[in-house]
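K.L.:
How does the following fold in three dimensions:
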Amino acid sequence: MSNDLGVSLGKINYCLKNLIEKGFIKVNNFRNSNSKIQYSYLLNPKGIEEKAKLTLDFIRIKTQEYDTLKQEIEILKQEAKNIDRDLL
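P.N.:
Got it, this is the predicted structure:
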């Protein structure tokens, strides 16, 4: 999915986890599968069209949040490096 959409795996995981928490996506794992890491992601049957619109809006918001958090982390890392240099 990450490759198909051209976004990072972290961003996909962040969005998927939030979609699952909101109940927009239902997750089932294949208990009989030899590979225990395989899961199916199924949209809930009610209001598919409306859920799709809401999901797209939600993904846009979560993608922006992810990008903002990533920028903040980079700023904090740089600040930490500067503090280390000042202490030396």
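
K.L.:
Could you point out the helix or strand that follows the lowest-mean-pLDDT helix or strand in the chain?
P.N.:
Here the helix or strand of the chain ranked lowest by mean pLDDT, DSSP states H and E is strand 39-43, holding a mean of 58. Going down the chain from strand 39-43, the next helix or strand is helix 48-87, by DSSP states H and E.

K.L.:
That following helix - contacts with which helices or strands?
P.N.:
Helices and strands touching helix 48-87, by 3 or more Cβ pairs under 8 Å, 6 or more residues apart in numbering; DSSP states H and E, are helix 9-22. Bear in mind the C-beta positions are built from the backbone N, C-alpha and C, glycine included.

K.L.:
what residues does the helix it packs on touch?
P.N.:
1-2, 5, 25-27, 41, 55, 58-59, 62-63, 65-66 (Cβ atoms under 8 Å, 6 or more residues apart in numbering).

K.L.:
so how many other residues sit close to the closest residue to residue 8 other than its chain neighbours?
P.N.:
Spatial nearest neighbour of residue 8, excluding adjacent residues (Cβ to Cβ, 6 or more residues apart in numbering): residue 2 at 6.5 Å. Each residue near residue 2 was counted by other Cβ atoms under 10 Å, and the total is 12.

K.L.:
where does the protein have low pLDDT?
P.N.:
Applying pLDDT under 70 to the chain flags the ranges 28-47.

K.L.:
50 instead?
P.N.:
The model of the chain has no residue with pLDDT under 50.

K.L.:
host element of residue 27?
P.N.:
Counting by DSSP H and E, residue 27 is found in strand 25-29.

K.L.:
show me what contacts residue 54?
P.N.:
residue 24.

K.L.:
if I look at it, how far off is residue 68?
P.N.:
21 Å (Cβ to Cβ, to the nearest Å).

K.L.:
Residue 51 now?
P.N.:
In terms of Cβ to Cβ, residue 51 sits 25 Å off from residue 68.

K.L.:
Which one's more surrounded, those two?
P.N.:
Under the neighbour definition other Cβ under 10 Å, residue 51 and residue 68 were set side by side, and residue 51 has more, 19 against 10.

K.L.:
Relative to residue 12, how far out is that one?
P.N.:
19 Å.
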